Each structure stands twice: as structure tokens, then as C-alpha cells.
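In: pasting the structure only:
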Ligand code: B16
Ligand code: MG
């Protein structure tokens with residue numbers, strides 16, 4: 001890959017779900033169970049709209065198909081219930097669920113003295129990283145517990161950059177959600193699209209596999 005406008009890169013901020021590990025299917029099962037209990041239509045196409053979106057915003061999308069109106073307290077209880085199903089499912093997660101190439105890329109970045117961080121909307125980030133034995137692998141973790149505004153707001157990536165002590169202009173973000181790429185752009189960081197976000201025209205780079213990240217940053 002040719003890199004025509006290389007900036008000096010000192011840190012890579014990884015999104016979690018869809019970049020480091022795929023918990024999509026577990027989110028789907030959790031929402032599906034809740035939807036069935038509440039008799040709300042829900043399918044995998046609707047689930048795709050929840051990628052990278054916060055828990056409460058995800059619930060609002062699910063409730064678009066509800067005939068019943070829920071109060072704020074009821075909505076909070078629904079979100080909590082879905083999370084309890086999701087957390088139960090996370091128990092099955094192991095290092096085998098790490099997406100291909102991730103371990104090699106993390107190792108290589110460390111060797112080149114490039115800092116690595118997580119920038120995720122998930123409030124379950126620490127739990128997930130522990131399950132896949134990568135909790136100690138990152139120099140900083142910014143997640144759903146650190147922020148008020150979800151992607152495309154840049155907050156989570158700016159928190160990661162602050163925790164690392166590396167200004168945004170030296171940071172690269174790797175994301176699988178369009179909202180995450182927009183958040184990286186809004187943070188004035190270099191954006192790299194993978195998976196579902198691949199081919200998004202506003203991303204600085206699109207890659208087929210995470211290994212190609214090394215061509216961009218090293
Ligand atoms: P939680 P990411 C996101 O993670 C997921 O993609 C999204 O589906 C989920 O709703 C969100 O985290 C919140 O997760 O309910 O665990 O707080 O892609 O930003 O790493
Ligand atoms: Mg994601």
C-alpha cells in the first residue's frame with residue numbers, strides 16, 4: 001500500500017468490537033432475547049444498525065418496532081436486562097475469539113515503540129479484554145464508562161489520546177463502524193476502516209486485513 005500523506009504516527013487507537021474481537025453475535029442474542037420477551041420484532045438487519053452504537057441508542061433503535069411506549073425508568077430497566085443477558089454470554093469468550101492478525105499486529109507495534117489503546121463505546125470493555133487475555137496489552141483504555149457522547153462524537157478517542165499523552169495528530173484510529181470513522185475524523189486523527197466500514201469514502205485508509213495496518217503506521 002502506498003502512503004502518500006504519511007504523518008508521524010505515535011499511537012494506534014483500536015475500536016474493540018469488530019476490530020479486536022467480534023461480540024456482534026452475542027449482542028444480537030442479548031437483544032433478540034429481550035425483543036422476544038417484549039414482543040418486539042428484531043432481526044439481524046436491525047442488529048447491524050447497532051454496530052458501534054451505545055447501549056441506550058441501540059435500545060431506541062430496537063424500540064422503533066415497539067407498539068408500547070416505555071418510560072425513561074422502564075427503558076433503563078430494559079437496557080439493564082439486555083446487558084445481563086449479554087454479560088452471561090460473554091462468559092463463553094476466550095482468547096480464541098481474538099480476530100485474525102490482532103496479536104501479531106499488537107506485538108509488532110510494541111516492537112516499534114508505537115503506543116496502543118482501546119477506544120470503545122462498550123461499558124463491558126474491561127471484562128471483554130480480560131476474557132480474551134488482552135487487558136494488559138494496551139497502554140490506555142477509553143470506553144463507554146469514560147464518555148458522555150457516543151461516536152460519531154470524538155470524545156472516546158480524545159480521552160484515549162489524553163490517557164496516552166499523545167496529541168490527536170499523532171494518532172491513528174482503526175474502526176469497523178462508519179460512526180467510528182466519523183468520530184476519528186472529528187478527533188482530527190488518521191482513520192483506518194476495516195470490516196463493515198471498509199470502503200467508506202471519508203476514511204483515510206481502508207484495509208482488508210488488520211495486518212495491512214503495519215504498512216500505514218510503520
Ligand atoms: P455495551 P465498539 C460497541 O462496541 C458495540 O459495537 C455496540 O454494538 C454496543 O452497543 C456498544 O459497544 C455498547 O456496548 O452494551 O457493552 O456498553 O464497537 O465501540 O467497541
Ligand atoms: Mg466496532
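Out: Nice, thanks for sending it over. Keep in mind that this is a model prediction, so the values were computed, not measured. Ligands and ions are numbered 1, 2, ... in the order given.
In: do you know how far residue 78 is from ligand 2?
Out: Residue 78 is 22 Å from ligand 2, where distance means Cβ to the ion, to the nearest Å. The way it works is simple: take the backbone N, C-alpha and C, and place the C-beta from them, glycine included.
In: List the contacts of that residue.
Out: The contact partners of residue 78, by Cβ atoms under 8 Å, 6 or more residues apart in numbering, come to 34, 38, 59, 70.
In: Then residue 50?
Out: Applying Cβ under 8 Å, 6+ apart to residue 50 gives the contacts 27, 31, 58, 61, 62.
In: again, but for residue 184
Out: By Cβ under 8 Å, 6+ apart, the contact set of residue 184 is 154, 157, 173, 175, 190, 191.
In: for these, which one is nearest residue 23?
Out: Ranked by distance to residue 23 (Cβ to Cβ), the contacts of residue 184 are led by residue 175 at 15.2 Å.
In: burial of the nearest residue to that closest one once chain neighbours are set aside, as a residue count?
Out: Excluding the flanking residues, the one nearest residue 175 by Cβ to Cβ, 6 or more residues apart in numbering is residue 15, at 4.6 Å. For residue 15, the neighbour count with other Cβ atoms under 10 Å is 29.
In: rewinding a little: what's the ChimeraX line that selects buried ones from the contacts of residue 50?
Out: In ChimeraX, this line selects whichever of these come out buried by 16 or more other Cβ atoms under 10 Å:
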select :27,31,58,62
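In: Next SSE downstream of the longest helix seen in the chain?
Out: Secondary structure of the chain per DSSP state H: the longest helix is helix 72-90. Later in the chain than helix 72-90, the nearest helix or strand by DSSP states H and E is helix 102-111.
In: Show me what that next one is packed up against.
Out: Counting contacts by 3 or more Cβ pairs under 8 Å, 6 or more residues apart in numbering; DSSP states H and E, helix 102-111 is packed against strand 115-119, helix 213-217.
In: Walk me through the domains of this protein.
Out: 3-22+97-217, 24-90 (automatic domain parsing).
In: what about the strands in the protein?
Out: Taking DSSP state E, the strands of the chain run over residues 11-14, 115-119, 140-142, 171-175, 190-193, 205-206.
In: quick one: average confidence on the shortest one?
Out: Per-region confidence: strand 205-206 scores 98 on mean pLDDT.
In: in its sheet, what does it sit against?
Out: strand 190-193 (parallel) (DSSP bridges).
In: what does the fourth one give?
Out: With DSSP bridges as the criterion, the sheet partners recorded for strand 171-175 are strand 11-14 (parallel), strand 190-193 (parallel).
In: tell me which residues in the last one are buried?
Out: It stands for strand 190-193. Neighbour-count burial for strand 190-193 [16+ other Cβ under 10 Å]: 190, 191, 192, 193.
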